[in-house]
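1. Below is the sequence, then the predicted model.
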Amino acid sequence: MSKPEETPSPRNHALAEALAWISRFAHAWKAIEPTPHRLSIDGFIIWGPVLYEKHGKDDPVALAAQLYGNAGEYSKYLYPSLPRAGGEALPF
């Protein structure tokens, strides 16, 4: 009896493009951060898709420079160890 041939699953190009954009944005943000040890790169898993949906046509490196220090409600995911004032994200 012969084995059934395995067919590779088709690559999801849209997903791969989004993940690459998010990765470039996250690494550009991290490169700007003067104290990268306090940054949780995992926070971009939450914030990244939101950014990509809104800014996916923009250059992720330029956008990171533009938005740096202004993560808004997502700063709690990017900087989970920072204390919060009244539950709000601290401004940078």
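-> That came in fine, so what should we check first?
2. OK, contacts around the closest residue to Ala71 other than its chain neighbours?
-> The shortest distance from Ala71 to any non-neighbouring residue, by Cβ to Cβ, 6 or more residues apart in numbering, is to Leu78 (5.3 Å). In this view, the C-beta of every residue, glycine as well, is placed from N, C-alpha and C. Leu78 makes contact with Trp29, Leu39, Ser40, Gly43, Phe44, Trp47, Ala71, according to Cβ atoms under 8 Å, 6 or more residues apart in numbering.
3. now, among these, which is nearest to Val61?
-> Set against Val61, the nearest of those by Cβ to Cβ is Trp29 (9.3 Å).
4. Confirm that the closest one sits in a helix.
-> Yes. Remark: Trp29 belongs to a helix, assigned using DSSP: H, G, I helix; E, B strand; the rest coil.
5. Can you report how many residues neighbour it?
-> 25 (other Cβ atoms under 10 Å).
6. Quick check: which ranges of the chain have low pLDDT?
-> Residue ranges of the chain with pLDDT under 70: 1-10, 84-92.
7. Quick one: the helices in it, in order.
-> Assigned helices in the chain, in chain order: 13-32, 43-55, 60-67, 75-78 (criterion: DSSP state H).
8. Looking at the contacts of Leu78, state which has the most neighbours.
-> That'd be Trp29 among those, by other Cβ under 10 Å, with 25 neighbours.
9. residue contacts, it?
-> Leu39, Phe44, Ala64, Leu67, Tyr68, Leu78 are the contacts of Trp29 under Cβ under 8 Å, 6+ apart.
10. Could you rerun that using 6 Å?
-> Shown in contact with Trp29 (Cβ atoms under 6 Å, 6 or more residues apart in numbering): Ala64.
11. again, but for the one 10 residues further on
-> The neighbourhood of Leu39, defined by Cβ under 6 Å, 6+ apart, consists of Lys30, Glu33, Leu78.
12. which residue packs closest to it, ignoring adjacent ones?
-> Using Cβ to Cβ, 6+ apart, the closest residue to Leu39 is Glu33 (5.1 Å).
13. Tell me the one among the contacts of Leu39 nearest to Trp21.
-> Lys30 (15.1 Å).
14. ok so, going back, what's around the residue nearest to Leu39, how many residues?
-> When neighbours are counted by other Cβ under 10 Å, Glu33 comes out with 17.
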